[in-house]
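Engineer: need coordinates for the below:
(one chain, ligands or ions: 2)
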Amino acid sequence: MSIEIEGVNKFFGDFAALTDINLTIPTGQLTALLGPSGGGKSTLLRVIAGLEEADSGRVTIEGNDATALPVQKRNVGFVFQHYAAFKHLSVRRNIAFGLEIRKRPKAEIAAKVEELLELVHLTQWGDRKPAQLSGGQRQRMALARALAIEPTVLLLDEPFGALDAKVRKELRDWLRRLHDEVHVTTVFVTHDQEEALEVADQIVVINDGKIEQIGSPDDLYDRPASEFVLSFLGPVT
Ligand code: ADP
Ligand code: MG
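Structural biologist: Numbering: from 1, shown residues only. Ligands and ions are numbered 1, 2, ... in the order given. Okay, the predicted model is just below:
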């Protein structure tokens, strides 16, 4: 089982943002969508999420035609670069939010929130407001909030893009370890080669709305499929 993307095309007016995208995202793995700005990564992520409708093609999640499912029914967790937290709510309540609107029993919510705080190493910060957290801590809170609903798929769009290099490195290592614990099928968008190479099981290189290569980090290093991939991976420092 997996996410299957078959023959997806997406236009904005006359502009082809995605051209004939065919891709399998294996269940339980961490896939990175990697490529330069404007390449179509976010659009593809939004199509997977159901936030954007493809003009043609199909997306199936675990065998179900996702194209036919409304966003609320897709059970996807999201984290974006500029994470919008509820400023007036504590970290705990922010994490609980998705469960509260789903009317889960109070005791179940409380237990789940404590478990998530521990998972993202924020137990001591649960009663703070998001503004009292560092940028890195806020993104960990965002992850906990996305995981609270026990999503089938976790989608991350440049989640660490706004943070400084040192924190990014810490968070990417942490995300990898977290993923090894929870094994949720994850799609991670980044324009940072190093980030993709260090975090992902599978990398999809996207440029100009087209897939340039799909492979493991080793595949990309050892057998870059095109001049573009070679130059984009460049000298990795
Ligand atoms: P990436 O995430 O790889 O930087 P995007 O998927 O955001 O790229 O955008 C791909 C291309 O599609 C860009 O040229 C962008 O300007 C264009 N685009 C994205 N969203 C829209 C939209 N809603 N309307 C018009 N053009 C868009
Ligand atoms: Mg983007």
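
Engineer: hey, let's count contacts and neighbours off CA atoms from now on
Structural biologist: Fine.

Engineer: now do the strands in the protein.
Structural biologist: Counting by DSSP state E, the chain forms strands over residues 2-12, 15-26, 30-34, 56-61, 64-65, 76-80, 153-157, 185-190, 202-207, 210-215, given from the N-terminal end onward.

Engineer: reformat these as CSV; add mean neighbour count.
Structural biologist: Formatted as CSV, the strands of the chain follow (neighbours: other Cα atoms under 10 Å):
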stretch, mean neighbour count
strand 2-12, 18
strand 15-26, 17
strand 30-34, 27
strand 56-61, 19
strand 64-65, 14
strand 76-80, 21
strand 153-157, 23
strand 185-190, 24
strand 202-207, 25
strand 210-215, 19
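
Engineer: can I get these in JSON lines with mean pLDDT and distance to Asp222?
Structural biologist: As requested, those are arranged in JSON lines below (pLDDT from 0 to 100; distance: least, Cα to Cα, whole Å):
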{"stretch": "strand 2-12", "mean pLDDT": "96", "distance to Asp222": "26"}
{"stretch": "strand 15-26", "mean pLDDT": "97", "distance to Asp222": "21"}
{"stretch": "strand 30-34", "mean pLDDT": "97", "distance to Asp222": "17"}
{"stretch": "strand 56-61", "mean pLDDT": "93", "distance to Asp222": "30"}
{"stretch": "strand 64-65", "mean pLDDT": "84", "distance to Asp222": "35"}
{"stretch": "strand 76-80", "mean pLDDT": "86", "distance to Asp222": "31"}
{"stretch": "strand 153-157", "mean pLDDT": "93", "distance to Asp222": "27"}
{"stretch": "strand 185-190", "mean pLDDT": "95", "distance to Asp222": "21"}
{"stretch": "strand 202-207", "mean pLDDT": "97", "distance to Asp222": "13"}
{"stretch": "strand 210-215", "mean pLDDT": "97", "distance to Asp222": "10"}
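
Engineer: using a markdown table, lay out these together with distance to ligand 1.
Structural biologist: Conversion of the strands of the chain to a markdown table gives the following (distance: least, Cα to the nearest ligand atom, whole Å):
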| stretch | distance to ligand 1 |
| --- | --- |
| strand 2-12 | 5 |
| strand 15-26 | 5 |
| strand 30-34 | 8 |
| strand 56-61 | 16 |
| strand 64-65 | 22 |
| strand 76-80 | 11 |
| strand 153-157 | 8 |
| strand 185-190 | 8 |
| strand 202-207 | 7 |
| strand 210-215 | 10 |
